[in-house]
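>>> my questions are about this predicted structure, shown below with the sequence.
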Amino acid sequence: MYSYNEFDRDFLAARNAQFRAQVERRIDGSLTEDEFKPLRLMNGLYLQLHAYMLRVAIPYGTLSATQMRQLAMIADRWDRGYGHFTTRQNIQYNWPKLQDVPDMLDALGDVGMHAIQTSGNTIRNVTADHFAGAARDEIADPRPVAELIRQWSTDHPEFQFLPRKFKIAITGSPTDRAVTRAHDIGLRMVEKNGQPGYEVLVGGGLGRTPMIGKVIRDFLPKEYLLPYLEAIVSVYNVLGRRDNKYKARIKITVHENGIDTIREKVEARFAVLRPLFSGVDQQMLAEIEGHFAPPAFRNAPTDAYDAAYRADPVFRSWCDTNLFAHKQADYAIVSISLKKHGATPGDATGDQMRVMADIAERFGHDELRISHEQNVILPHVHRSDLPAVHAALKAADLATANIGLISDIIACPGMDYCALATARSIPVAQEIAERFEDLKLEHDIGPLKLKISGCINACGHHHVGHIGILGLDRAGVENYQITIGGDGTETAALGERMGPGFAYDEVTDAVERIVQAYLKTRRSPEETFLETFRRVGADPFKDALYPKETVDA
């Protein structure tokens, strides 16, 4: 993974010192809250419903054991002993005191981390496939390019005051595990005539007006990526709406102008910018790639894994659900669920972070990843070590075998924390997870992605959930809309709204009716929920949600 050089460390130290002085001026009253707000947002500090919240970037989701331990220390020392991992591969601390934030930022800087551009109308944390560098289906590791984009976009003088926030996601695999089609810019690595390049998508996004990104270039040679990105953002910076923040995202710019017009303007700007880069970006990329060499994989028998898999049904269930194919046949990618039934999705205690760090250091080549699905990944674990890894996770309450199942729920903080939320998300997620644990159905149901947002900003990605739940305020009462058929992968689609919403105490029953309708309708246990929906359409699910006698009444 990338290691900060002297320039990086000096830059961050100066930036943190500057913010420390700003905090001191806010505390002594020299700055009003209105004056302080743009300064704190530039450093990832929000004012939530009950307290400040610090959002820390985990670039392209990659962490070392040392960094994870530092996140645990920060949680224990300056927060309430836990952190919340988000769909943007960030970690959020929900209860810091303002006077402690500069010390938190210095502690992050000590391990090469920061909170810069995790807020504001800038290019946010660049996200990537959480299996990057390990997945068997990968064309190439996208993280060096993600790091290049991070360096280019951080404090870029032209892009600090964009019309609206801007998000970039990248995947190096034909299988889209980074939701690239729901980002302002999505980059999918492809090959043409044996050469790697990118399919470039633009204008995706969720929130108030959800849209799937459109292809602006079906193949962009790898060496042209940075000037092409600069061309896209430059065109958006000129055309983007500044008169209405609800129409300011690039998805609206693309929609109002048309993809052909946007493409024409981007290509014209690209023609101007491309000669100006003169290969310096490729020299930087070559240096960055040296930081991402594969670990020293070891050869060892897998007998211990084979024996444990045969003998222990709990271990076998965890392996079948939480392991994924690694490019090395005797290795596995391990997904650690932060979705224990009844827990807050995406939360990890300081002690749990330290356990994951220890496991990564001992068994995982000192690498961890954070997924946009709010789980933690050990990308490189030899199969012979899996029994020991499972035992250590089990002791820390981290061995829930539910990755990709109905209780592996993405949920935003909702009205428990967020000042923008209009309904609760966390307790709804908890109740649904507990219901299906009690029913002992989720393994029979199979792959099913359920996502919950507590407001129309869609931080819980509900639009691309197989089942999506959106919490709204209806005359002071929580009301939950349900969508079905969303998809955040390479076959991305927005979910179809089913009908009238449900009260808070009706949501779990509604989800159960949807699932029971699926179990009755599927052709076989091998046909997934999404495949069934695409085959039969919405009607069987609407009939289950709104029985005729209820409608007639």
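Received the coordinates, thanks.
>>> so who does the spatially most central residue of the chain touch?
The centroid of the chain falls nearest to residue 372 when counting by CA atoms, centre = their mean (2.2 Å). Neighbour list for residue 372: 61, 87-89, 127, 130, 178-179, 461 [criterion: CB atoms under 8 Å, 6 or more residues apart in numbering]. C-beta here means a position set from N, CA and C on the backbone, and glycine is covered the same way.
>>> over to residue 1?
Going by CB under 8 Å, 6+ apart, residue 1 touches 62, 64, 143, 291-292, 367.
>>> out of these, which is most surrounded?
Using other CB atoms under 10 Å as the neighbour criterion, residue 143 leads these with 27 neighbours.
>>> what pLDDT is listed against that one?
Residue 143 carries a pLDDT score of 98 in this model.
>>> how far away is it from residue 367?
Here residue 143 is placed at a distance of 11 Å from residue 367 (CB to CB, to the nearest Å).
>>> and for those two, which residues touch both?
Overlap of the contact sets of residue 143 and residue 367 (by CB under 8 Å, 6+ apart) consists of 1, 62.
>>> ends of stretch 135-155, what's the gap?
Stretch 135-155 stretches 32 Å from its first residue to its last (CA to CA, to the nearest Å).
>>> repeat that for stretch 209-217.
The straight-line separation of the ends of stretch 209-217 (CA to CA) is 23 Å.
>>> got the buried residues for it?
Under the neighbour-count criterion of 16 or more other CB atoms under 10 Å, stretch 209-217 has 210-217 buried.
>>> list the buried residues in stretch 444-454.
Buried residues in stretch 444-454 (16+ other CB under 10 Å): 445-446, 448-454.
>>> which one of those residues is nearest residue 483?
The closest of the buried residues of stretch 444-454 to residue 483 turns out to be residue 451 (CB to CB; 9.4 Å).
>>> you'd agree that closest one is up against residue 461?
Yes: under the criterion of CB atoms under 8 Å, residue 451 makes contact with residue 461 at 4.8 Å.
>>> now the common contact residues for the two.
Contacts common to residue 451 and residue 461, judged by CB under 8 Å, 6+ apart, are 410, 468.
>>> at which residues are the strands of the stretch 101-250 of the chain located?
Ranges of strands in the stretch 101-250 of the chain, per DSSP state E, counting those that start in this stretch, are 127-128, 168-171, 185-192, 195-202, 214-221.
>>> ok, which of those strands comes nearest residue 425?
Closest approach to residue 425 among the strands of the stretch 101-250 of the chain is made by strand 127-128 (20.6 Å; CB to CB).
>>> mean confidence for the closest one?
Summarised as a single mean, pLDDT over strand 127-128 is 98.
>>> show me the contact partners of that strand.
Identification of contacts with strand 127-128 by CB under 8 Å, 6+ apart yields 60-61, 88-89, 142-143, 146, 167-172, 178, 183, 372.
>>> out of those residues, which one sits closest to residue 246?
residue 167 (16.8 Å).
>>> contact partners for the closest one?
Applying CB under 8 Å, 6+ apart, we find residue 167 in contact with 88, 123-124, 127, 183-185, 205.
>>> with adjacent residues omitted, what lies nearest to residue 511?
Closest residue to residue 511 apart from its sequence neighbours, by CB to CB, 6 or more residues apart in numbering: residue 432 at 5.6 Å.
>>> now do the nearest residue to residue 199 once chain neighbours are set aside, the pLDDT please.
Excluding its sequence neighbours, the residue lying closest to residue 199 (CB to CB, 6+ apart) is residue 188, at 4.4 Å. You'll see residue 188 listed with a pLDDT of 98.
>>> residue 188 touches residue 177, doesn't it?
No: using CB under 8 Å, residue 188 is not in contact with residue 177; the gap is 10.9 Å.
>>> overlap in contacts of the two?
Residues touching both residue 188 and residue 177 by CB under 8 Å, 6+ apart: residue 171.
>>> just give the number of residues close to the closest residue to residue 179 other than its chain neighbours.
Distances taken as CB to CB, 6+ apart put residue 488 closest to residue 179, at 4.2 Å, once the chain neighbours are dropped. By other CB under 10 Å, the residues close to residue 488 number 27.
>>> residue 103 too?
Using other CB under 10 Å: residue 103 sits among 16 other residues.
>>> go on, the one 5 residues further on?
Taking other CB under 10 Å as the criterion, the count of residues near residue 108 is 22.
>>> tell me who's in contact with it.
Residues in contact with residue 108 (CB under 8 Å, 6+ apart) are 56, 70, 74, 114-115.
>>> then residue 214?
Going by CB under 8 Å, 6+ apart, residue 214 touches 201-204, 254, 259.
>>> and these, which is closest to residue 343?
Nearest to residue 343 out of the contacts of residue 214 is residue 204 (CB to CB; 30.4 Å).
>>> give me the pLDDT for that closest one.
98.
>>> my read: it touches residue 186, true?
Yes: assessed by CB under 8 Å, residue 204 is found in contact with residue 186 at 5.9 Å.
>>> now for the two: what residues contact both?
Common contacts of residue 204 and residue 186, defined by CB under 8 Å, 6+ apart, comprise 180, 213.
>>> with only the CA atoms kept, save stretch 195-208 in PDB.
Provided in PDB are the C-alpha atoms of stretch 195-208 (Å, rounded to 0.1, in the frame of the first residue of the first chain):
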ATOM      1  CA  GLN A 195      -4.200  -3.300 -23.700                       C
ATOM      2  CA  PRO A 196      -5.700  -2.200 -20.400                       C
ATOM      3  CA  GLY A 197      -7.900   0.900 -20.400                       C
ATOM      4  CA  TYR A 198     -11.100   2.200 -18.900                       C
ATOM      5  CA  GLU A 199     -14.700   2.400 -19.700                       C
ATOM      6  CA  VAL A 200     -15.600   5.800 -18.300                       C
ATOM      7  CA  LEU A 201     -19.100   6.500 -17.000                       C
ATOM      8  CA  VAL A 202     -20.400   9.900 -16.000                       C
ATOM      9  CA  GLY A 203     -23.500  11.200 -14.400                       C
ATOM     10  CA  GLY A 204     -24.500   8.500 -12.000                       C
ATOM     11  CA  GLY A 205     -25.700   9.100  -8.500                       C
ATOM     12  CA  LEU A 206     -28.400   8.300  -6.000                       C
ATOM     13  CA  GLY A 207     -30.100  10.700  -3.600                       C
ATOM     14  CA  ARG A 208     -33.100  12.900  -4.500                       C
END
